[in-house]
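*Asks:* Please work out how this folds:
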Amino acid sequence: MSARDRLLALIDCPPVDVAGPWLDLVAGSPGTRGRVQDVWESEGGAGTYDGILGVGDRLEGVVPDLVGGGNLRAFYRVDERLGLAGGETVLDLACGPGTLTRRLARAVGRDGLVIAADLSEPMLARAARSTPFACVDFARIDAMDLPLRTDSIDAVSCSLCLHLVPDLGTALEEMARVLRPGAPAALAVPAHAPGVLRPFTDVLARFGQARLFGAGDLSGEMRSRGWTGVREQSLGGIRIVDANAPG
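*Replies:* Just a heads-up that it's a prediction; the model follows:
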(Lines give C-alpha, C1' and ligand atoms only; values in the text may rest on other atoms or scores of the structure.)
Protein backbone atom coordinates (compact mmCIF):
# COMPACT_ATOMS: atom_id res chain seq x y z
CA MET A 1 0.00 0.00 0.00
CA SER A 2 1.39 3.42 -0.96
CA ALA A 3 1.88 6.26 1.50
CA ARG A 4 -0.97 8.11 -0.22
CA ASP A 5 -3.34 5.16 0.23
CA ARG A 6 -2.35 4.83 3.88
CA LEU A 7 -2.95 8.53 4.45
CA LEU A 8 -6.33 8.45 2.72
CA ALA A 9 -7.37 5.67 5.10
CA LEU A 10 -6.60 7.91 8.09
CA ILE A 11 -8.39 11.10 7.12
CA ASP A 12 -11.96 11.86 8.13
CA CYS A 13 -12.81 14.47 5.48
CA PRO A 14 -12.86 14.37 1.67
CA PRO A 15 -9.63 15.77 0.17
CA VAL A 16 -9.85 18.57 -2.35
CA ASP A 17 -7.37 16.86 -4.69
CA VAL A 18 -5.95 13.33 -4.43
CA ALA A 19 -3.61 13.52 -7.46
CA GLY A 20 -1.35 16.44 -6.52
CA PRO A 21 1.94 16.36 -4.59
CA TRP A 22 -0.05 16.87 -1.38
CA LEU A 23 -3.61 16.42 -0.19
CA ASP A 24 -5.39 19.71 0.44
CA LEU A 25 -7.33 19.06 3.64
CA VAL A 26 -8.14 22.68 4.46
CA ALA A 27 -11.60 23.81 3.44
CA GLY A 28 -10.94 27.17 1.81
CA SER A 29 -8.58 29.59 3.51
CA PRO A 30 -8.36 29.77 7.32
CA GLY A 31 -7.52 33.47 7.02
CA THR A 32 -4.41 35.26 8.18
CA ARG A 33 -2.63 33.87 11.24
CA GLY A 34 -0.56 36.98 11.75
CA ARG A 35 2.45 38.64 10.17
CA VAL A 36 4.87 35.77 10.83
CA GLN A 37 2.58 33.18 9.26
CA ASP A 38 1.99 35.50 6.31
CA VAL A 39 5.75 35.50 5.70
CA TRP A 40 5.86 31.68 5.72
CA GLU A 41 3.00 31.65 3.20
CA SER A 42 5.24 33.43 0.67
CA GLU A 43 7.86 31.88 -1.61
CA GLY A 44 10.57 34.16 -0.23
CA GLY A 45 9.66 33.41 3.38
CA ALA A 46 9.64 29.67 2.77
CA GLY A 47 13.02 29.88 1.07
CA THR A 48 14.55 31.85 3.94
CA TYR A 49 13.16 29.42 6.52
CA ASP A 50 14.49 26.49 4.49
CA GLY A 51 17.95 28.05 4.41
CA ILE A 52 18.04 28.72 8.16
CA LEU A 53 16.92 25.21 9.10
CA GLY A 54 19.31 23.71 6.56
CA VAL A 55 22.33 25.37 8.16
CA GLY A 56 21.46 23.98 11.58
CA ASP A 57 20.77 20.55 10.10
CA ARG A 58 24.25 20.44 8.59
CA LEU A 59 25.99 21.71 11.73
CA GLU A 60 24.23 19.87 14.54
CA GLY A 61 26.44 16.80 14.25
CA VAL A 62 29.74 18.67 14.37
CA VAL A 63 29.22 21.63 16.73
CA PRO A 64 30.67 20.88 20.21
CA ASP A 65 28.39 20.92 23.21
CA LEU A 66 30.35 23.80 24.74
CA VAL A 67 29.18 26.14 21.98
CA GLY A 68 25.60 24.97 21.68
CA GLY A 69 25.89 21.67 19.84
CA GLY A 70 23.79 19.88 22.42
CA ASN A 71 21.00 22.39 21.92
CA LEU A 72 21.08 21.93 18.14
CA ARG A 73 20.93 18.16 18.50
CA ALA A 74 18.01 18.35 20.91
CA PHE A 75 16.02 20.37 18.37
CA TYR A 76 16.85 18.41 15.23
CA ARG A 77 16.89 14.83 16.54
CA VAL A 78 13.14 14.55 17.03
CA ASP A 79 13.27 10.88 16.00
CA GLU A 80 15.36 10.13 19.07
CA ARG A 81 13.15 12.21 21.35
CA LEU A 82 10.12 10.27 20.10
CA GLY A 83 11.84 6.93 20.58
CA LEU A 84 10.98 5.73 17.08
CA ALA A 85 11.90 2.11 16.40
CA GLY A 86 10.46 1.67 12.90
CA GLY A 87 7.02 1.09 11.44
CA GLU A 88 5.24 3.95 13.24
CA THR A 89 2.72 6.40 11.80
CA VAL A 90 4.06 9.87 12.61
CA LEU A 91 2.48 13.27 12.08
CA ASP A 92 5.06 15.96 11.34
CA LEU A 93 2.87 18.96 12.08
CA ALA A 94 4.21 22.21 10.59
CA CYS A 95 6.75 20.24 8.57
CA GLY A 96 8.00 23.40 6.84
CA PRO A 97 10.47 22.57 4.06
CA GLY A 98 10.83 18.98 5.26
CA THR A 99 14.02 19.23 7.30
CA LEU A 100 12.75 17.15 10.23
CA THR A 101 10.48 15.09 7.98
CA ARG A 102 13.50 13.46 6.38
CA ARG A 103 14.87 12.40 9.76
CA LEU A 104 11.50 10.96 10.75
CA ALA A 105 11.25 9.08 7.45
CA ARG A 106 14.61 7.41 7.98
CA ALA A 107 13.56 6.44 11.51
CA VAL A 108 10.18 4.85 10.66
CA GLY A 109 11.54 3.08 7.59
CA ARG A 110 9.66 1.53 4.70
CA ASP A 111 7.03 0.00 6.99
CA GLY A 112 6.14 3.33 8.60
CA LEU A 113 4.32 6.44 7.46
CA VAL A 114 5.22 10.08 7.95
CA ILE A 115 2.46 12.61 7.30
CA ALA A 116 4.24 15.85 6.46
CA ALA A 117 1.66 18.55 7.16
CA ASP A 118 1.75 22.31 6.87
CA LEU A 119 -0.65 25.18 6.24
CA SER A 120 1.75 26.92 3.84
CA GLU A 121 1.71 25.72 0.24
CA PRO A 122 5.22 27.09 -0.53
CA MET A 123 6.55 25.12 2.45
CA LEU A 124 4.81 21.95 1.26
CA ALA A 125 6.17 22.44 -2.26
CA ARG A 126 9.71 22.59 -0.88
CA ALA A 127 9.14 19.59 1.38
CA ALA A 128 7.72 17.49 -1.47
CA ARG A 129 10.70 18.31 -3.71
CA SER A 130 13.32 17.53 -1.07
CA THR A 131 11.86 14.44 0.61
CA PRO A 132 12.07 11.46 -1.77
CA PHE A 133 10.93 8.77 0.66
CA ALA A 134 8.24 6.24 -0.25
CA CYS A 135 7.00 6.26 3.36
CA VAL A 136 6.16 10.01 3.30
CA ASP A 137 3.07 11.77 2.05
CA PHE A 138 2.16 15.43 2.30
CA ALA A 139 -0.99 17.26 3.34
CA ARG A 140 -2.14 20.84 3.75
CA ILE A 141 -3.55 20.76 7.27
CA ASP A 142 -4.73 23.31 9.83
CA ALA A 143 -3.38 22.52 13.31
CA MET A 144 -6.61 23.87 14.79
CA ASP A 145 -8.72 21.19 13.10
CA LEU A 146 -6.73 18.05 12.30
CA PRO A 147 -8.61 16.03 9.66
CA LEU A 148 -7.35 12.70 11.02
CA ARG A 149 -9.17 9.89 12.76
CA THR A 150 -9.10 9.70 16.56
CA ASP A 151 -6.33 7.49 18.01
CA SER A 152 -4.74 6.99 14.57
CA ILE A 153 -1.24 8.42 15.11
CA ASP A 154 1.71 6.82 16.93
CA ALA A 155 3.78 10.00 17.43
CA VAL A 156 3.67 13.73 16.71
CA SER A 157 6.50 16.10 15.92
CA CYS A 158 5.43 19.74 16.11
CA SER A 159 8.27 22.26 15.86
CA LEU A 160 7.78 26.03 15.66
CA CYS A 161 4.04 25.96 15.07
CA LEU A 162 2.16 26.57 18.32
CA HIS A 163 3.20 30.22 18.54
CA LEU A 164 1.07 30.89 15.44
CA VAL A 165 -2.20 29.10 16.27
CA PRO A 166 -5.21 31.24 17.29
CA ASP A 167 -5.91 29.07 20.34
CA LEU A 168 -3.22 26.97 22.02
CA GLY A 169 -5.67 24.78 23.94
CA THR A 170 -7.54 23.74 20.81
CA ALA A 171 -4.32 22.77 19.02
CA LEU A 172 -3.15 20.68 21.99
CA GLU A 173 -6.53 18.98 22.24
CA GLU A 174 -6.44 18.12 18.53
CA MET A 175 -2.99 16.57 18.89
CA ALA A 176 -4.13 14.58 21.90
CA ARG A 177 -7.23 13.37 20.03
CA VAL A 178 -5.40 11.98 17.00
CA LEU A 179 -2.59 10.41 19.07
CA ARG A 180 -3.04 6.95 20.51
CA PRO A 181 -3.38 7.09 24.33
CA GLY A 182 0.05 7.55 25.90
CA ALA A 183 1.77 8.15 22.54
CA PRO A 184 4.71 10.59 22.47
CA ALA A 185 4.86 14.15 21.17
CA ALA A 186 8.01 16.21 20.58
CA LEU A 187 7.28 19.95 20.55
CA ALA A 188 9.40 23.08 20.12
CA VAL A 189 8.25 26.69 20.52
CA PRO A 190 10.02 30.08 20.40
CA ALA A 191 10.87 31.43 23.83
CA HIS A 192 10.74 34.77 25.55
CA ALA A 193 14.09 36.24 26.57
CA PRO A 194 14.67 36.10 30.33
CA GLY A 195 14.91 38.93 32.82
CA VAL A 196 15.34 42.49 31.65
CA LEU A 197 15.16 41.45 27.99
CA ARG A 198 11.59 40.18 28.33
CA PRO A 199 9.97 43.52 27.34
CA PHE A 200 11.97 43.44 24.09
CA THR A 201 10.58 40.03 23.11
CA ASP A 202 7.11 41.16 24.17
CA VAL A 203 7.35 43.88 21.53
CA LEU A 204 8.61 41.42 18.91
CA ALA A 205 5.73 39.05 19.62
CA ARG A 206 3.14 41.80 19.31
CA PHE A 207 4.65 43.06 16.06
CA GLY A 208 4.78 39.57 14.55
CA GLN A 209 1.33 38.72 15.89
CA ALA A 210 2.77 35.56 17.39
CA ARG A 211 3.06 34.08 20.86
CA LEU A 212 6.36 33.55 22.67
CA PHE A 213 6.63 31.15 25.61
CA GLY A 214 8.14 31.64 29.03
CA ALA A 215 9.43 28.90 31.29
CA GLY A 216 6.64 26.49 32.12
CA ASP A 217 4.03 28.11 29.87
CA LEU A 218 3.62 25.22 27.45
CA SER A 219 4.46 22.39 29.85
CA GLY A 220 2.02 23.76 32.42
CA GLU A 221 -0.75 24.03 29.84
CA MET A 222 -0.15 20.44 28.76
CA ARG A 223 -0.18 19.08 32.32
CA SER A 224 -3.47 20.86 32.97
CA ARG A 225 -4.94 19.04 29.96
CA GLY A 226 -3.88 15.58 31.09
CA TRP A 227 -0.62 15.09 29.19
CA THR A 228 1.81 12.91 31.14
CA GLY A 229 5.58 12.62 31.43
CA VAL A 230 5.93 16.29 30.51
CA ARG A 231 9.56 17.37 30.23
CA GLU A 232 10.75 20.87 29.32
CA GLN A 233 14.17 22.26 28.52
CA SER A 234 15.43 25.62 27.34
CA LEU A 235 17.58 25.95 24.24
CA GLY A 236 18.04 29.70 24.53
CA GLY A 237 15.55 31.10 22.06
CA ILE A 238 13.59 27.85 21.87
CA ARG A 239 11.78 25.81 24.49
CA ILE A 240 11.45 22.07 23.93
CA VAL A 241 8.66 20.09 25.52
CA ASP A 242 8.30 16.32 25.23
CA ALA A 243 5.23 14.57 26.61
CA ASN A 244 2.83 11.66 26.25
CA ALA A 245 -0.78 12.00 25.19
CA PRO A 246 -3.51 11.73 27.85
CA GLY A 247 -4.93 8.32 28.55
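*Asks:* In three-state terms, label Leu172 for me.
*Replies:* helix (DSSP: H, G, I helix; E, B strand; the rest coil).
*Asks:* can you tell me which residues contact it?
*Replies:* By Cβ atoms under 8 Å, 6 or more residues apart in numbering, the contact set of Leu172 is 162, 221-222, 225, 227. Quick note: C-beta positions are derived from backbone N, CA and C, even for glycine.
*Asks:* what helices or strands is the longest helix belonging to the chain leaning on?
*Replies:* Longest helix of the chain, by residue count under DSSP state H: helix 43-59. Helices and strands touching helix 43-59, by 3 or more Cβ pairs under 8 Å, 6 or more residues apart in numbering; DSSP states H and E, are helix 35-40, helix 69-76, helix 99-108, helix 121-130.
*Asks:* which residues sit against that helix?
*Replies:* By Cβ under 8 Å, 6+ apart, helix 43-59 touches 38-40, 72, 75-76, 96-97, 99, 120, 122-123, 125-126.
*Asks:* can you do 10 Å?
*Replies:* With contact meaning Cβ atoms under 10 Å, 6 or more residues apart in numbering, helix 43-59 is reached by 36-40, 42, 63, 68-69, 71-73, 75-76, 96-100, 102-103, 118, 120-127, 130, 159-160.
*Asks:* and those, which are buried?
*Replies:* Using 16 or more other Cβ atoms under 10 Å as the burial test, the contacts of helix 43-59 include 36-37, 40, 63, 71-73, 75-76, 96-100, 102-103, 118, 120, 122-127, 159-160 as buried.
*Asks:* Need the pLDDT of the residue most central in space within the chain.
*Replies:* For the chain, Cys158 is the residue whose C-alpha lies nearest the centre (Cα atoms, centre = their mean; 2.3 Å). We note a pLDDT of 98 for Cys158 in this prediction.
*Asks:* is it true that it lies in a strand?
*Replies:* Yes - judged by three-state DSSP, Cys158 forms part of a strand.
*Asks:* Just read off the phi/psi values of Leu7.
*Replies:* Note on Leu7: its backbone torsions stand at phi -70, psi -40 [degrees, to the nearest 10].
*Asks:* check contacts around it.
*Replies:* Contacts of Leu7 by Cβ under 10 Å, 6+ apart are 15, 18, 22-23, 25, 89, 113-117, 136-139, 148.
*Asks:* closest to Arg4 among these?
*Replies:* Closest to Arg4 out of the contacts of Leu7 is Asp137 (5.2 Å), distances taken as Cβ to Cβ.
*Asks:* Need the nearest residue in space to the closest one, chain neighbours excluded.
*Replies:* Ala3 (4.0 Å; Cβ to Cβ, 6 or more residues apart in numbering).
*Asks:* Report how many residues lie close to that neighbour.
*Replies:* For Ala3, the number of neighbouring residues by other Cβ atoms under 10 Å comes to 19.
*Asks:* related to what we said a few turns ago, of the contacts of Leu172, closest to Glu173?
*Replies:* Nearest member of the contacts of Leu172 to Glu173, counting by Cβ to Cβ, is Arg225, at 6.8 Å.
*Asks:* Run through the residues that contact Ala191.
*Replies:* By Cβ under 10 Å, 6+ apart, the neighbours of Ala191 are 163, 201, 212-215, 217-218, 234-240.
*Asks:* err, Ala116, not the other one
*Replies:* Contacts of Ala116 (Cβ under 10 Å, 6+ apart): 3, 7, 22, 90-98, 100-102, 104-105, 123-124, 127-128, 131, 133, 136-139, 141, 157.
*Asks:* likewise Leu119?
*Replies:* 26, 29-30, 33, 37, 40-41, 93-94, 140-144, 161, 164-165.
*Asks:* can you check Val39 too?
*Replies:* Contacts of Val39 by Cβ under 10 Å, 6+ apart are 45-46, 48-49, 120, 208.
*Asks:* same check, this time on Pro246
*Replies:* 172-173, 176-177, 179, 181-182, 222, 225-228.
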